[in-house]
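Peer 1: need a structure here:
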Amino acid sequence: MNDIAGTLALEDFRFALDQHAIVSVADAEGRIVDANEMFSRISGYSRAELLGQDHRLLNSGRHSQRFFENMWRSIAVGKTWRGNIRNRRKDGEYYWVATTIVPILGEDGRPRCYVSVRTDITDQVEAEAELQSSLRLFRTLAETIAVGIVLTRGGKILYANSECERLTGYTREELLSMDYWEIAHPDMREMLRERVAARQRGEALTDRYECRLHTKSGVEAWAEVSAATIEYQGQPTMLGSFIDITERKLAEEGLRRAHGDLEQLVKSRTAELEQANLKLAQDVHSREDAEEVLLRRNAELSELNARLSEAQEQLLQSEKMASIGQLAAGVAHEINNPIGYVHSNIGSLEGYLGDLFRILDAYAGAEAALPADAPACAELKRIKAERDLAFLRQDIPMLMAESKEGISRVRKIVQDLKDFSHVDSSQEWKWADLHQGLDSTLNVVNNEIKYKAEVVKEYGELPEVECLPSEINQVFLNLLVNAAHAIADGERGKITLRSGCDGERVWVEIADTGSGIAPENLKRIFDPFFTTKPVGRGTGLGLSLSYGIVKKHGGSIEVASELGRGTSFRVILPLRQNREQVQEPVS
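Peer 2: I've put the predicted structure just below:
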């Protein structure tokens, strides 16, 4: 090795240095007396232009006068100086160099010249500047977006934005001293640890989940949480986001309280029915002077009333329902039983009354055979005049007919509710008629549509589809309500329903003649909480939930819209579900 070094001449070292570095030599006054080819190439000046000049020729104006004074103060006393300098080329462009200036001392100990060795670091400086710009952009976005953001590593919080401060009530300094688990309410921490363990085992998890937060004030707060692993500061780091859903949770609690109020209302109505039944029993008792047959019929009617009271008691025992769809299904189921009893009993009562009228006809024939001055004949005439028997014979059949018609109408409404919610089926995949589901849903939302639009059906031929019928009906409901809301108040539009089958897939289209959707909003309409409706008319969740339901069925939703002309949503579903990919509903 030493033998090789001994054979290298000074020119060899200089040649090697020139291939890597920008080299120049300046005299004691700072004038350039020598410069290599790389200096000329990067500065844009020829060697002849550089000689005799000082380095102010390349000054970019970036550095202050104090910066260069400190540099000269160091090298003037024989100290080597190192630093990064931005220079300006002959064509006006800037470049950065890492600079080392070495004073060469004379016999008197004072610098007789200065050797400068520089390395081009322009790309490195620009990359660093771009990185800093990206970090500033990230922090700006993180501090202005209405989503809580945290960065954690090993359970420790490295960064938390201002929205996290608002959600939890803790200051940023307090959050940075906490573990990630401490953000969650104690009741939720075991669930979070299990999710982390499952992710480490490689199990597939939902991207988002709901979590109750641990707030400094103790006020209840909920967030929809999502997490992803990113590289931060060269190490794997978890990026967590928190969307405030406290208001939605409070609204759900309000629904549960409203359901309790509804149960109280049902009890009140039942008490009113009991009072009505008591009055009816009293009316029946007032006719005890009638013939034995009538007394027997009255006893049977009392038994029927007792059975009706028992059915009403069963209605009071119905389970609480967790959503409006479950409420509709439960009410439909519970009403159907007493309606069946009443419908059957009215039929029986109609037959009994026919029997009574025939008996009265027989009594009338017997009355004609009695002497006119017979006491029984006078008593019968008095009772018929007092009770207006002719009017009763005419009015009772009309009342029975009206009652039967009313019961039939109620049964039709109940059946529509059952068809809409599929109350007779469990939440499992089954073959269903989409036209029937769409028609049932139309009946349920009829009050939303009938004053706003005309509904036109252009159904094609559809085979049955394997699906979760109640969830698909929920999609139809959301699209129908949105179509009605898209039509301006005071106007009457048209909603067209179309359907068809393309081989192994079916489609259902709901088109309206409403105001349409702006092009810039079309890509966002399926985002959670995004809505173009006025404040108070929409939560921004209908289309998002519908999109998730259709995706779960292996289908898709297509939308086409034109401002001022209307919007069309097309739901596309496969005929048969792929059992390996289908998500089973949560029970």
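
Peer 1: Please count neighbours and contacts with C-alpha atoms only from this point.
Peer 2: Will do.

Peer 1: Name the helix or strand for residue 297, please.
Peer 2: helix 292-316 (DSSP states H and E).

Peer 1: could you give me the average pLDDT of that helix?
Peer 2: Mean pLDDT, helix 292-316: 58.

Peer 1: Equivalent analysis for stretch 382-392, please.
Peer 2: For stretch 382-392, the mean confidence score works out to 72.

Peer 1: How about stretch 88-108?
Peer 2: 92.

Peer 1: quick check: domain ranges of this structure?
Peer 2: 2-126, 145-244, 255-421, 430-574 (automatic domain parsing).

Peer 1: Compute the first-to-last residue distance for the last one.
Peer 2: Start and end residues of domain 430-574 are separated by 13 Å (Cα to Cα, to the nearest Å).

Peer 1: can you redo the domains of the chain as a markdown table with distance to residue 132 and mean neighbour count?
Peer 2: Formatted as a markdown table, these follow (distance: least, Cα to Cα, whole Å; neighbours: other Cα atoms under 10 Å):
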| stretch | distance to residue 132 | mean neighbour count |
| --- | --- | --- |
| domain 2-126 | 10 | 15 |
| domain 145-244 | 12 | 16 |
| domain 255-421 | 49 | 14 |
| domain 430-574 | 31 | 18 |
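
Peer 1: Need the pLDDT of the residue sitting nearest the centre point of the chain.
Peer 2: Taking Cα atoms, centre = their mean, the centroid of the chain lies closest to residue 528, which sits 3.8 Å from it. Turning to residue 528, the model gives it a pLDDT of 73.

Peer 1: In this structure it contacts residue 548, no?
Peer 2: No: with contact defined as Cα atoms under 8 Å, residue 528 and residue 548 do not form a contacting pair (10.6 Å).

Peer 1: Spatially, which residue comes closest to residue 171, not counting chain neighbours?
Peer 2: In space, and not counting its chain neighbours, residue 171 is closest to residue 165: 5.5 Å by Cα to Cα, 6 or more residues apart in numbering.

Peer 1: swap in residue 216?
Peer 2: residue 169 (5.2 Å).

Peer 1: With residue 80 instead?
Peer 2: residue 102 (4.8 Å).

Peer 1: wait, what's in contact with the residue nearest to residue 171?
Peer 2: Contact analysis of residue 165 by Cα atoms under 8 Å, 6 or more residues apart in numbering lists 171, 172, 175.

Peer 1: repeat for residue 50
Peer 2: Here residue 50 is in contact with 32, 35, 40 (Cα under 8 Å, 6+ apart).

Peer 1: Please report the distance of it from residue 402.
Peer 2: 112 Å.

Peer 1: Ok, residue 185 next?
Peer 2: For residue 185 relative to residue 402 (Cα to Cα), the value is 59 Å.

Peer 1: Could you measure from residue 335 over to residue 72?
Peer 2: 97 Å.

Peer 1: can you give me the helices in the stretch 351-500 of the chain?
Peer 2: 375-387, 389-421, 434-444, 446-449, 469-486 (DSSP state H, counting those that start in this stretch).

Peer 1: Is it possible to get CSV of the contacts of residue 50 that adds pLDDT?
Peer 2: CSV is the format used below for these (pLDDT from 0 to 100):
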residue, pLDDT
32, 93
35, 91
40, 90
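
Peer 1: now, among those residues, which is nearest to residue 365?
Peer 2: Nearest to residue 365 among the contacts of residue 50: residue 40, at 137.7 Å, using Cα to Cα.

Peer 1: State whether the closest one and residue 46 are indeed in contact, as I suppose.
Peer 2: Yes: the criterion here is Cα under 8 Å, and residue 40 meets it with residue 46 at 5.3 Å.

Peer 1: just the helices in the stretch 151-300 of the chain please.
Peer 2: Under DSSP H, counting those that start in this stretch, the stretch 151-300 of the chain gives helices at 162-168, 172-176, 189-200, 246-285, 292-316.

Peer 1: how near is residue 245 to residue 256?
Peer 2: 17 Å.

Peer 1: what do you get for residue 528?
Peer 2: Residue 528 is 23 Å from residue 256, by Cα to Cα.

Peer 1: can you check residue 218 too?
Peer 2: 23 Å.

Peer 1: go on, residue 189?
Peer 2: Applying Cα to Cα, the value for residue 189 to residue 256 is 26 Å.

Peer 1: ok, the residue nearest to residue 216 - contacts?
Peer 2: Applying Cα under 8 Å, 6+ apart, the residues near residue 169 are 215, 216, 217.

Peer 1: least trustworthy helix or strand in the chain by mean pLDDT?
Peer 2: helix 2-7 (a mean of 50; mean pLDDT, DSSP states H and E).

Peer 1: Now distance to residue 56 too, for the helices of the stretch 351-500 of the chain, in CSV please.
Peer 2: Below are the helices of the stretch 351-500 of the chain laid out as CSV (distance: least, Cα to Cα, whole Å):
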stretch, distance to residue 56
helix 375-387, 126
helix 389-421, 84
helix 434-444, 82
helix 446-449, 80
helix 469-486, 70
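
Peer 1: Tell me which of those sits nearest to residue 22.
Peer 2: helix 469-486 (69.7 Å).

Peer 1: Distance of residue 473 relative to residue 439?
Peer 2: Residue 473 is 10 Å from residue 439, by Cα to Cα.

Peer 1: With residue 269 instead?
Peer 2: In this structure, residue 269 and residue 439 are 31 Å apart, going by Cα to Cα.

Peer 1: Could you do residue 41 as well?
Peer 2: 80 Å.

Peer 1: what's the answer for residue 181, then?
Peer 2: 49 Å.

Peer 1: hey, what's the residue nearest to residue 80 bridged with?
Peer 2: With DSSP bridges as the criterion, residue 102 is bridged to residue 115.

Peer 1: Appreciated, that's everything.
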